[in-house]
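Student: how does the following fold in three dimensions:
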Amino acid sequence: MGVVRTPTGHAGVDALLERLADADHLTADGHVEVYEDVHRGLREALTALDAPPVPGPYENRS
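Tutor: Predicted structure coming up:
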């Protein structure tokens, strides 16, 4: 469709947004799979933002 995608700076999110271009080459009934895949990936990226940080190898010393 020629929609310009501005990079977000987050490689995972940018890859998902690029995946939307796959729908351009499919019939309408094929769009659902692409949209659901992208939606799932974006939800996972947002959920990861709420996860507590994983301590580094030397941050648990007593």
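Student: please enumerate the helices of this structure.
Tutor: Assigned helices in the chain, in chain order: 11-19, 28-50 (criterion: DSSP state H).
Student: state the mean pLDDT of the first one.
Tutor: Looking back up the chat, that one is helix 11-19. For helix 11-19, the mean pLDDT works out to 93.
Student: which elements pack onto that helix?
Tutor: If contacts are counted by 3 or more CB pairs under 8 Å, 6 or more residues apart in numbering; DSSP states H and E, helix 11-19 sits against helix 28-50. For every residue, glycine as well, the C-beta is placed using N, CA and C.
Student: tell me which other helices or strands the helix it packs on touches.
Tutor: helix 11-19.
Student: so the helix it packs on versus helix 28-50, what angle?
Tutor: Computed by axes from the mean of the first three to the mean of the last three CA atoms, to 10 degrees, the angle separating helix 11-19 from helix 28-50 equals 170 degrees.
Student: low-confidence bits of the chain, can you list those?
Tutor: 1-2, 59-62 (pLDDT under 70).
Student: deepest in the core, which of the helices of the chain is it.
Tutor: Greatest average neighbour count among the helices of the chain goes to helix 11-19 (a mean of 14), per mean count of other CB atoms under 10 Å.
Student: kindly reformat the helices of the chain as a markdown table containing distance to Val4.
Tutor: Shown next, in a markdown table, are the helices of the chain (distance: least, CB to CB, whole Å):
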| stretch | distance to Val4 |
| --- | --- |
| helix 11-19 | 11 |
| helix 28-50 | 17 |
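Student: what's around Asp22, how many residues?
Tutor: For Asp22, the neighbour count with other CB atoms under 10 Å is 14.
Student: that one reaches Glu33, doesn't it?
Tutor: No. Here Asp22 does not reach Glu33: they are 9.0 Å apart, not a contact under CB atoms under 8 Å.
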